[in-house]
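# Build me a structure from this.
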Amino acid sequence: FKTGARVSVVMSPFAAAMSDQDMKDVAAYYAYLPRVPSNNLDTGRPAPAVVVTGAPMRNIPPCGSCHGDIDNKAGSPWLGGQSAVYIKAQLEAFASGARRNDISEQMRNIARQMTAEEIDQVAHYYEVQP
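Residues are numbered from 1 along each chain as shown. Here you go, the predicted structure:
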């Protein structure tokens, strides 16, 4: 938010006034907090194909290879338990180019190839995971 790679009318003004130490302190505080349990947990819900296998013919790798369920890559957020509304909004922002903090444009390239139905499926699947 501070560099402008991500823009938010709420967060950008806060980040602009924060020092590096302020940001580290806020990050440490949030890392310390326990995760809020979801009311919607459903670990038995089958994973959508795009999470497990992706869509290779459309250059979509499996979501789970970076964001949980199959593996978790350094620098990739774990999506389990995130709000479906938030995940959907972020995927749509990547697809439109409004969000551009993915250095190699990997998420923009992936999200552009996803259908609206796949975005919905991914968002709702990850929301109900622990």
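# show me the contacts for residue 94.
100, 102, 107, 108, 110, 111, 112 (Cβ atoms under 8 Å, 6 or more residues apart in numbering). To be clear about C-beta, it is placed using only N, CA and C from the backbone, and glycine gets the same treatment.
# Which of the residues you listed are buried, as a PyMOL select command?
Only the buried entries of these go into this PyMOL selection, using 16 or more other Cβ atoms under 10 Å:
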select buried, resi 100+107+108+110+111+112
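# Tell me which stretches of this protein form helices.
11-16, 20-32, 49-52, 64-67, 84-96, 106-113, 116-127 (DSSP state H).
# Low-confidence stretches in this protein?
35-41, 69, 71-72 (pLDDT under 70).
# quick check: domain ranges of it?
1-33, 37-128 (the TED database).
# Which one of the contacts of residue 94 is nearest to residue 46?
Distance to residue 46 across those (Cβ to Cβ) is lowest for residue 110, with 21.2 Å.
# follow-up on the earlier one: output the contacts of residue 94 as a markdown table; include the columns distance to residue 29.
Output for the contacts of residue 94, formatted as a markdown table (distance: Cβ to Cβ, whole Å):
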| residue | distance to residue 29 |
| --- | --- |
| 100 | 27 |
| 102 | 26 |
| 107 | 26 |
| 108 | 30 |
| 110 | 31 |
| 111 | 30 |
| 112 | 35 |
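# Could you work out the most separated pair of the contacts of residue 94?
100 and 110 (13.4 Å).
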